[in-house]
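Chemist: heads up, no residue letters with this:
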């Protein structure tokens, strides 16, 4: 391997162009952008020129790229899973659409002795890690409940609204709420209850013909702790969560954003104490950390098991909504959880590049 880990980025959608590719500038000590893979020749040409990348491949040339000897790792910015022998994989969440596929990815990487990491950017972000510390410190007493709202007004025709590509509110944004609840409670749910809803009127048209407009979920954790959240593709932008304990509560609002400052409110008396966390590059830490894991030959965390933990819950929630009853979950062991020790700080991308033939999912 070269001194730096050489990445191919597969998929040139909005998040890849405005966040992932610019992050290489803040991870250049350990990581370098070596190749781009896309089905759109115009995107490849223009984005390649912008970043000085000469190795450009179509999806049909994927095997050629992986066997070129010029790539050490693959950043998958697509809603499907792809794996190549000898290539380390940093995969966007959700890891896959089914728990079965997640398990297959884990086994494939173990068989070929390559690293697999799922791109949970908030596992390296100060505001969310600080909130975990507040909850675990006992400052708000015993944490009893988690509540979250994550909504956006998704554009008609967006890939998130297509069932065949793994679209749906839980896979795209509900997964943030699930992962936050698991991280804050330091545990796995034992039962879930889900309800979906969609309005059928002129304002929405055919937008929600394939996936739900919104989803309400309840997760029961050991110790009779409850996590509730609602996510929606048909409402104005909102993304926050609150943990309520026996002596107080802590709220993060906004909680899930990557392009703005995040704010934490801790209430243990009459007045909440506010703490502002400056905007940072949340994608460069993923690259820097994963490259370090590759170079040292150690397992990355969040690993494939973290991705599997969330996807199995998503599947159970959809089954619950379909059957209109609670679904029990089998025991799931997960010893490693995010903590402040994982924080990696990088300066913000103040001026994200203009995306080529791509636009943000939200209309607001």
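Modeler: Structure received. In this text, all values refer to a predicted model and were calculated from it rather than measured experimentally. Numbers count the residues shown, from 1 in each chain.
Chemist: Name the residues of stretch 37-56 that come out as buried.
Modeler: Buried residues in stretch 37-56, counted by 16 or more other Cβ atoms under 10 Å: 37, 38, 40, 43, 44, 47, 48, 53, 55, 56. All C-beta atoms are positioned from the backbone trio N, CA, C, and that covers glycine.
Chemist: now swap in stretch 188-199 and tell me
Modeler: 188, 189, 192, 193, 194, 196, 198.
Chemist: any idea which of those residues is closest to residue 107?
Modeler: residue 188 (20.9 Å; Cβ to Cβ).
Chemist: Touching, the closest one and residue 220? I think so.
Modeler: No. Counting by Cβ atoms under 8 Å, residue 188 sits too far from residue 220 to count as a contact (10.7 Å).
Chemist: after the longest helix seen in the chain comes which helix or strand?
Modeler: Longest helix of the chain, by residue count under DSSP state H: helix 304-323. Stepping forward along the backbone from helix 304-323, the first helix or strand reached (DSSP states H and E) is strand 327-328.
Chemist: ok, the nearest residue to residue 197 once chain neighbours are set aside - contacts?
Modeler: Leaving aside its sequence neighbours, residue 197 sits nearest to residue 214 (Cβ to Cβ, 6 or more residues apart in numbering; 5.4 Å). Contact partners of residue 214, counting by Cβ atoms under 8 Å, 6 or more residues apart in numbering, are 151, 169, 196, 197, 198, 230, 231, 232, 233, 234, 235.
Chemist: now the helix or strand harbouring residue 50: how far from the chain's centre is it?
Modeler: Secondary structure from DSSP H and E places residue 50 in helix 41-51. Mean-position distance between helix 41-51 and its chain equals 25 Å (Cα atoms, centre = their mean, to the nearest Å).
Chemist: what does the helix or strand just after that helix contact?
Modeler: Next helix or strand after helix 41-51 toward the C-terminus (DSSP H and E): strand 55-57. Residues external to strand 55-57 that are found in contact with it (Cβ under 8 Å, 6+ apart): 8, 34, 35, 36, 37, 44, 45, 48, 64, 65, 68, 70.
Chemist: quick one: which of the residues you listed sit in strands?
Modeler: In this view, those that belong to strands under DSSP state E are 8, 34, 35, 36, 37.
Chemist: unless I'm mixing things up, the fourth one is touching residue 9, no?
Modeler: To tie it back to what came earlier, the one meant is residue 36. Yes. Using Cβ under 8 Å, residue 36 makes contact with residue 9 at a distance of 5.7 Å.
Chemist: hmm, back to that, could the contacts of strand 55-57 be laid out in JSON lines, adding pLDDT?
Modeler: JSON lines is the format used below for the contacts of strand 55-57 (pLDDT from 0 to 100):
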{"residue": "8", "pLDDT": "97"}
{"residue": "34", "pLDDT": "98"}
{"residue": "35", "pLDDT": "98"}
{"residue": "36", "pLDDT": "98"}
{"residue": "37", "pLDDT": "97"}
{"residue": "44", "pLDDT": "97"}
{"residue": "45", "pLDDT": "97"}
{"residue": "48", "pLDDT": "97"}
{"residue": "64", "pLDDT": "96"}
{"residue": "65", "pLDDT": "95"}
{"residue": "68", "pLDDT": "95"}
{"residue": "70", "pLDDT": "95"}
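Chemist: Closest to residue 210 out of those?
Modeler: residue 37 (26.3 Å).
Chemist: any idea how far the closest one is from residue 300?
Modeler: Taking Cβ to Cβ, to the nearest Å as the measure, residue 37 falls 21 Å from residue 300.
Chemist: Can you list the residue ranges for helices in the stretch 51-200 of the chain?
Modeler: Secondary structure of the stretch 51-200 of the chain by DSSP state H, counting those that start in this stretch: the helices cover 62-66, 99-111, 126-137, 169, 175-185.
Chemist: ranking those helices by burial, who's on top?
Modeler: Stretch with highest mean neighbour count among these: helix 169 (a mean of 29; mean count of other Cβ atoms under 10 Å).
Chemist: Identify the residues contacting that helix?
Modeler: Contacts to helix 169, defined as Cβ under 8 Å, 6+ apart, come from residues 211, 212, 213, 214, 215, 231, 232, 233.
Chemist: how far does stretch 285-302 sit from the chain's center?
Modeler: Counting by Cα atoms, centre = their mean, stretch 285-302 is centred 17 Å from the centre of its parent chain.
Chemist: And the contacts of it?
Modeler: 1, 4-5, 7, 23-24, 26-27, 29-31, 72-73, 75, 88, 90, 115-121, 123-125, 336, 338, 342, 344-346.
Chemist: Go ahead and list the helix or strand containing the residue lying farthest from the centre of the chain.
Modeler: In the chain, residue 270 marks the outermost C-alpha relative to the chain mean, sitting 34.7 Å out by Cα atoms, centre = their mean. Secondary structure assignment for residue 270, by DSSP H and E: no helix or strand.
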